[in-house]
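Undergrad: take a look and give me a structure for this.
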Amino acid sequence: MRPLRFLLPVMVLVVSGCTFSQAIQSFRSAAQTTPPATVVAEAVTPTETPLPEATLAATAAATLDPDAPDITEQLEDIPNFFITTFDGVRFTLGEQRGKIVVLNFWASWCVPCRVEMPAFTKIWEQYKDRGVVFVGVAFNDIPDYSRAFAIKYNVKYPIGSDANGAIGNAYQVVGLPTTLLITRDGKSQFRFVGTTSAADLRKYLDKMLAQ
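TA: Purely as a prediction, here's the structure:
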């Protein structure tokens, strides 16, 4: 019975006009040409449709290694700006004097931004009653996508759109995410380029609050 079971598949191949060796070659060719499965980052959009290719392609150029943020300490005057949040409230940086401001530039297509945003929300909850203000600016992003991102990640602090990039350009943002810690008298003290860890953010906020 064993020889019969072995010959049956061969007979089927011959009847179908395909020799055994041709079938094996065909299977090998298919295995070489079939691409491997690809894990695709979830697109955060109101309709769950893919983001424009040009926008997605910018991710590689505009995001940095999330494990190695560049932390720069500086004291310099910074541009004032106002932004209308997704809640319809006008946020003006100049009106925050006397408070420490965490200014975060992000975008819905920025994968590292998705990593740090939940930590930012948690830290905002811990520091909001200690004279610390958070504001998120969606840099060069489509407003509907930015708004959907904020809803998806349940961002509670002020957050709005800089669709034309005017604010980000004024702050010389070259990679996302970028976060600035602004002193009570309106000067940039720390700049993080890349994902900011919760531990780093707490450490530098505590340092500024102690001054």
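Undergrad: and the closest residue to Ala170 other than its chain neighbours, what element?
TA: In space, Ala170 comes closest to Pro79 once its chain neighbours are excluded; the distance is 4.5 Å by C-beta to C-beta, 6 or more residues apart in numbering. Where C-beta positions appear, they are placed from N, C-alpha and C, glycine not excepted. No secondary structure element spans Pro79, as it lies outside all helices and strands (assigned by DSSP states H and E).
Undergrad: neighbours of Pro79, how many?
TA: Taking other C-beta atoms under 10 Å as the neighbour definition, Pro79 ends up with a count of 13.
Undergrad: swap in Phe105?
TA: By the measure other C-beta under 10 Å, the count of residues near Phe105 is 25.
Undergrad: if I read this right, the residue nearest to Ala170 contacts Asn169, doesn't it?
TA: No: the pair formed by Pro79 and Asn169 falls short of the contact definition of C-beta atoms under 8 Å, at 9.9 Å.
Undergrad: run through this protein and note the low-pLDDT ranges.
TA: Judged by pLDDT under 70, the chain has its weakly predicted residues at 1-71, 74.
Undergrad: ok, which stretches of it are helices?
TA: 2-15, 20-33, 53-62, 111-127, 143-152, 166-170, 198-209 (DSSP state H).
Undergrad: ok, Phe134 - contacts?
TA: Contact criterion C-beta atoms under 8 Å, 6 or more residues apart in numbering gives Val101, Val102, Asn104, Phe120, Ile123, Trp124, Lys128, Tyr157, Pro158 as the residues in contact with Phe134.
Undergrad: just the buried residues of these.
TA: Among the contacts of Phe134, those buried by neighbour count (16 or more other C-beta atoms under 10 Å) are Val101, Val102, Asn104, Phe120, Ile123, Trp124, Tyr157, Pro158.
Undergrad: and those as a markdown table, adding distance to Ile83?
TA: Formatted as a markdown table, the buried ones among the contacts of Phe134 follow (distance: C-beta to C-beta, whole Å):
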| residue | distance to Ile83 |
| --- | --- |
| Val101 | 12 |
| Val102 | 14 |
| Asn104 | 12 |
| Phe120 | 17 |
| Ile123 | 21 |
| Trp124 | 17 |
| Tyr157 | 12 |
| Pro158 | 8 |
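Undergrad: which of the residues you listed sits closest to Gly194?
TA: For Gly194, the closest of those turns out to be Asn104, at 12.2 Å, with distances computed as C-beta to C-beta.
Undergrad: ok, the closest one to Leu176 distance?
TA: The spacing between Asn104 and Leu176, counted by C-beta to C-beta, to the nearest Å, is 10 Å.
Undergrad: rewinding a little: can you put the contacts of Phe134 in a markdown table and add distance to Phe192?
TA: Written out in a markdown table, the entries for those read as follows (distance: C-beta to C-beta, whole Å):
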| residue | distance to Phe192 |
| --- | --- |
| Val101 | 14 |
| Val102 | 10 |
| Asn104 | 9 |
| Phe120 | 11 |
| Ile123 | 13 |
| Trp124 | 16 |
| Lys128 | 20 |
| Tyr157 | 17 |
| Pro158 | 19 |
